[in-house]
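Visitor: coordinates only, sequence not included:
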């Protein structure tokens, strides 16, 4: 399952620049079917990124495509073995998925995460 | 008596007022610098620190063989320090505020705690006899309250404690003000300082701590500031004018109350008023 932070739930949603505080996540299954989850972490006073990761993990997401993911979110992402790709120039879900298919999206996550794990 | 010197806006002169009050307040006092993210009272003190003590914070460790993955600890935690996912529990010690709530909500007692060092406190003498304690939060840590708590546990045998607070009106400032007898709000005649001061006043009202106002760098129009003080029944207990010479002495780590007789007189009067006020 692929997850992309989005601003709306239309046919071809616009990618949200924010990860932990995006409005919705667009989840795309192996057949290309889109479903949407409202991001219940978006209004948390702190730790929204981590909670967003946990929501995605519980929806069996193993790939995230996003413009930017903060260091606090990268810690659990690496721990859970979720792959992350930078969205690059793509502005919509269709463009992002096309980029992934063409293998032109840059993989992120190899750099040191921001938080130490136990 | 505990007098906390705070401001809201940074850079209004909390440290200037704190160290100069300490300078003239006699020997039976303790000066505590609770601005543990950037302590600077020590810059006005020529003595070396004589002792150091590490400060630790607890973080949860989940026993995976006992955990039933109910997710209660994760949903309880306000700071997302525990993420309970289908696959595993993830604990992020830096996010933890050491409240102990996760072990209370755990139905199977799977959570224990370990300690990690987040900073330290330093002890020394300010003048010859006055106690001086400050704290340092390690770089990269989020939560300063445990260090502040430790600093505030010091110097209790002194007759009066002068407490240099961190800026702002968030957790660190609330922790510092807790248990204070009097808050001295240091402000300056600028709209920015007044705006942040209003947040501090609201915080002090909620905590029911009496407050007085000191106007530092005075000389500009104070109309709006004075109107606000009047409306809130806040007494203006002193003013330090904005003079270049004061800035120069401060920048060299000098004490204004030692260098300028008129400033010395000002702080002696201020100290007497504060002690009477509280």
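Guide: Structure received. Here the structure is a predicted model, which means the values were calculated and not measured.

Visitor: please tell me how far the residue of chain A found nearest chain B sits from residue B:269.
Guide: Across chain A, no residue is closer to chain B than residue A:47, which sits at 2.5 Å (CB to the nearest CB). Every residue, glycine included, has its C-beta placed from N, CA and C. Separation of residue A:47 from residue B:269 (CB to CB, to the nearest Å): 48 Å.

Visitor: higher neighbour count, those two?
Guide: residue A:47 (22 against 13; other CB atoms under 10 Å in any protein chain shown).

Visitor: quick revisit: who are the contact partners of the residue of chain A closest to chain B?
Guide: Residues in contact with residue A:47 (CB atoms under 8 Å, 6 or more residues apart in numbering or on different chains) are A:41, A:72, B:79, B:80, B:81, B:95.

Visitor: at 7 Å instead, please
Guide: Contact analysis of residue A:47 by CB atoms under 7 Å, 6 or more residues apart in numbering or on different chains lists B:79, B:80, B:95.

Visitor: looking at these, which one is closest to residue B:122?
Guide: The closest of these to residue B:122 turns out to be residue B:95 (CB to CB; 26.7 Å).

Visitor: run a quick neighbour tally on the nearest residue to the residue of chain A closest to chain B once chain neighbours are set aside.
Guide: Distances taken as CB to CB, 6 or more residues apart in numbering or on different chains place residue B:80 nearest to residue A:47, at 2.5 Å, with adjacent residues excluded. Close neighbours of residue B:80, defined as other CB under 10 Å, add up to 27.

Visitor: got a list of what residue B:80 touches?
Guide: Counted by CB under 7 Å, 6+ apart, residue B:80 has contacts A:44, A:46, A:47, A:50, A:51, B:95.

Visitor: sort out which of those are in helices and list them.
Guide: With helices taken from DSSP state H, the overlap with the contacts of residue B:80 comprises A:50, A:51.

Visitor: are any of the contacts of residue B:80 buried, and which?
Guide: The neighbour count (16 or more other CB atoms under 10 Å in any protein chain shown) marks A:44, A:47, A:50, A:51, B:95 as buried among the contacts of residue B:80.

Visitor: interface residues of chain B facing chain A?
Guide: Residues of chain B lying near chain A by CB under 7 Å from any CB of the partner chain: B:61, B:79-80, B:83-87, B:90-95.

Visitor: identify the farthest-apart pair in those.
Guide: Top of the distance list for those (CB to CB): B:86 and B:94, 23.9 Å.

Visitor: of the two, which one has the most company?
Guide: residue B:94 (19 against 12).

Visitor: what about residue B:274, which helix or strand?
Guide: helix B:261-277 (DSSP states H and E).

Visitor: how many residues are close by residue B:98?
Guide: Residue B:98 sits with 19 neighbouring residues when counted by other CB under 10 Å.

Visitor: ignore what I typed, I meant residue B:165.
Guide: Residue B:165: 31 surrounding residues under other CB under 10 Å.

Visitor: can you pull the contacts of the spatially most central residue of chain A?
Guide: For chain A, residue A:64 is the residue whose C-alpha lies nearest the centre (CA atoms, centre = their mean; 3.8 Å). Counting by CB under 7 Å, 6+ apart, residue A:64 makes contact with A:3, A:56, A:82, A:84.

Visitor: could you rerun that using 8 Å?
Guide: Applying CB under 8 Å, 6+ apart, the residues near residue A:64 are A:2, A:3, A:4, A:19, A:56, A:77, A:82, A:83, A:84, A:85.

Visitor: that one: what secondary structure?
Guide: With DSSP: H, G, I helix; E, B strand; the rest coil as the basis, the three-state label of residue A:64 is strand.
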